[in-house]
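**Student:** Need a 3D model of the sequence below.
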Amino acid sequence: MTQSCLLEHEATTASAETPPKDPFAPGADGIGETETLAPGVYFLKGATRYFREGAVSGPAGAIRSLMCNNGWVDLGDEVLLIDANMPGRADALLAEVRRTTDKPIRYLVNTHHHGDHIYGNRPIHERTGAMIISCTEMVDELRRYETGAFGGPPGRWEQVAKLRPDVAATPIMAPQVTYDRRLVLQGSARTVELLHLTWGHTRGDTAVWLPEERILFTGDLVANGAFNIVRDGEMERWPEFLSLLEGLRPRIVCPGHGGWGDAELLSRQRTFFTALWAQVDSRAKAGADLPHILSRLEELRAALLADPSAALHVIPREADLPVLSLAAQVERVFGQLQSSDSTPPTS
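**Tutor:** Numbering: from 1, shown residues only. Below you'll find the model as predicted:
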């Protein structure tokens, strides 16, 4: 386990004051109520309405309503919180945790670098003192995509800050502690394992595994529904990560978006990505270029929907959020078919 520097992105107009509240409260607009998965293990579903066509007003509306799922685990004397969500969700999220336990939140795990999972790091850390943990490659991803936080040109935070006051008021805070492949956190009541097995949704994914309860939190490696944003995904390797997680034989799987389920969520997600890769690969091998494949996108969509094991994850039509579209997924696969830059870390 290595200490990484505490990275701050100090925007000139940003403030460390309490960020503006997110307008979406628990129980409204698709946000779930806290669910007890096992004694001391909790799941809170974030809204997914921004994924549905017509549910929000264009891409800007989608960004303004963006949020992820959260989970937390009572370790015995302290609590581990899974993902930070958006800054405006911090107070509501912490209130939900406090409804279940008054024990201190000791750890905050970032499952990957995307803003809906990490932009709330700062307010949660400031309110609780929680130690922020991720895999080492997640910090590398931050450096790659959040360039403005490292003295470079504006990155993704700056784009989102234009649309969300809570983000604009909250400079990025990166993980304080990193690990390479596996980190075991031993509490007085239970053990939690953090696993970075290969590349997948990003190059820096962490899955959170409770071996005694056989409960798995996947971050965005898995979504329960057609919610897969793949712009940073390693599309050929993603199914491999899912296969490795299937090998754990989880009883409950908690995805990054959508409701929790059983191990079938892993197999369905893996089947979708395997089928998507095969569909694009077969067309490319037949000589089709990307514009030609996209011109026949509905044929490809129909082929994926015809597979009942993959259909759960197939976006039924092009959505308000361009990054969440079958076209974007096809473009990512096609680009990686043409590239040799797809070598993951070895075990």
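**Student:** what helices or strands is the strand or helix carrying Phe273 leaning on?
**Tutor:** Phe273 is located in helix 264-285, with elements delineated by DSSP states H and E. Contact here means 3 or more CB pairs under 8 Å, 6 or more residues apart in numbering; DSSP states H and E; on that basis helix 264-285 packs against strand 215-223, helix 238-246, strand 252-257, helix 290-295, helix 297-305, helix 326-337. Quick note: C-beta positions are derived from backbone N, CA and C, even for glycine.
**Student:** Tell me the buried residues in the fourth one?
**Tutor:** Spelled out, that is helix 290-295. By neighbour count on 16 or more other CB atoms under 10 Å, the buried set for helix 290-295 is 290, 293.
**Student:** Out of the helices and strands packed on helix 264-285, flag the one nearest Ile132.
**Tutor:** Ile132 lies closest to strand 215-223 among these, at 14.6 Å (CB to CB).
**Student:** picking up where we left off before, ok, residues contacting the helix holding Phe273?
**Tutor:** 218, 221-224, 228, 235-236, 238-239, 242-243, 245-246, 250, 253, 255, 292-293, 300, 303-304, 307, 309-310, 312-314, 329-330, 333-334, 337 (CB atoms under 8 Å, 6 or more residues apart in numbering).
**Student:** Could you rerun that using 7 Å?
**Tutor:** Here helix 264-285 makes contact (CB atoms under 7 Å, 6 or more residues apart in numbering) with 222, 224, 235-236, 238-239, 242-243, 245-246, 253, 255, 293, 300, 303-304, 307, 309-310, 312-313, 329-330, 333-334, 337.
**Student:** where along the stretch 101-250 of the chain do the helices fall?
**Tutor:** Applying DSSP state H, counting those that start in this stretch to the stretch 101-250 of the chain gives helices spanning 115-118, 121-128, 136-145, 156-161, 165-168, 238-246.
**Student:** Now do the fourth one, average pLDDT.
**Tutor:** The average pLDDT within helix 156-161 is 93.
**Student:** ok, now which ones touch Gly200?
**Tutor:** By CB under 7 Å, 6+ apart, the residues touching Gly200 are 221, 233-234, 237-238, 241.
**Student:** Ok, Leu142 next?
**Tutor:** With CB under 7 Å, 6+ apart, Leu142 has these contacts: 113, 149, 174.
**Student:** ditto for Gly76
**Tutor:** Residues near Gly76 by CB under 7 Å, 6+ apart: 187-190.
**Student:** Quick check: phi and psi at His113.
**Tutor:** Dihedral pair for His113: phi -90, psi 0, per degrees, to the nearest 10.
**Student:** Not counting sequence-adjacent ones, nearest residue to it?
**Tutor:** Glu141 (4.2 Å; CB to CB, 6 or more residues apart in numbering).
**Student:** What does the pLDDT read for the one you found?
**Tutor:** 96.
**Student:** so who does the residue nearest the centre of the chain touch?
**Tutor:** Residue closest to the average C-alpha location in the chain (CA atoms, centre = their mean): Asp220, at 3.5 Å. With contact set as CB under 7 Å, 6+ apart, Asp220 has these partners: 112, 114, 201, 256-257.
**Student:** Closest one to Leu183 out of these, please.
**Tutor:** Using CB to CB, His112 comes nearest to Leu183 of those, at 15.2 Å.
**Student:** neighbours of the nearest residue in space to the closest one that is not next to it in sequence, just the number please.
**Tutor:** Leaving aside its sequence neighbours, His112 sits nearest to Thr202 (CB to CB, 6+ apart; 4.6 Å). When neighbours are counted by other CB atoms under 10 Å, Thr202 registers 27.
**Student:** likewise Thr178?
**Tutor:** Thr178: 23 surrounding residues under other CB under 10 Å.
**Student:** ok, now Pro211?
**Tutor:** Neighbour count for Pro211, taken as other CB under 10 Å: 14.
**Student:** What residues does it make contact with?
**Tutor:** 191, 193.
**Student:** can you rerun that using 10 Å?
**Tutor:** When contacts are counted by CB atoms under 10 Å, 6 or more residues apart in numbering, Pro211 touches 184, 190-193, 248, 250.
**Student:** just Leu300 next, same as before
**Tutor:** Counting by CB under 10 Å, 6+ apart, Leu300 touches 276, 279-280, 282-283, 293-294, 314, 326-327, 329-330.
**Student:** Please check those and keep the buried ones.
**Tutor:** 276, 279-280, 283, 293, 314, 326-327, 329-330.
**Student:** Leu80: which of the residues you listed is nearest?
**Tutor:** For those, the residue nearest Leu80 by CB to CB is Gln329; the value is 32.1 Å.
**Student:** What separation do you get for Lys45 and Gly219?
**Tutor:** Per CB to CB, to the nearest Å, Lys45 is found 14 Å from Gly219.
**Student:** if you count what's nearby, which of these two comes out ahead?
**Tutor:** More crowded of Lys45 and Gly219, by other CB under 10 Å: Gly219, with 27 against 24.
**Student:** and that one, bridged to which residues?
**Tutor:** With DSSP bridges as the criterion, Gly219 is bridged to Pro255.
**Student:** Now do the contacts for the closest residue to Leu265 other than its chain neighbours.
**Tutor:** In space, and not counting its chain neighbours, Leu265 is closest to Val253: 4.5 Å by CB to CB, 6+ apart. Val253 makes contact with 207, 214-218, 221-222, 224, 245-246, 260-267, 269 under the criterion CB under 10 Å, 6+ apart.
**Student:** Pipe the contacts of Gly200 into a markdown table and attach pLDDT, neighbour count and distance to Gly71 per row.
**Tutor:** A markdown table is the format used below for the contacts of Gly200 (pLDDT from 0 to 100; neighbours: other CB atoms under 10 Å; distance: CB to CB, whole Å):
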| residue | pLDDT | neighbour count | distance to Gly71 |
| --- | --- | --- | --- |
| Leu221 | 98 | 28 | 14 |
| Gly233 | 96 | 23 | 22 |
| Glu234 | 95 | 22 | 24 |
| Arg237 | 94 | 19 | 25 |
| Trp238 | 97 | 26 | 21 |
| Phe241 | 97 | 27 | 19 |
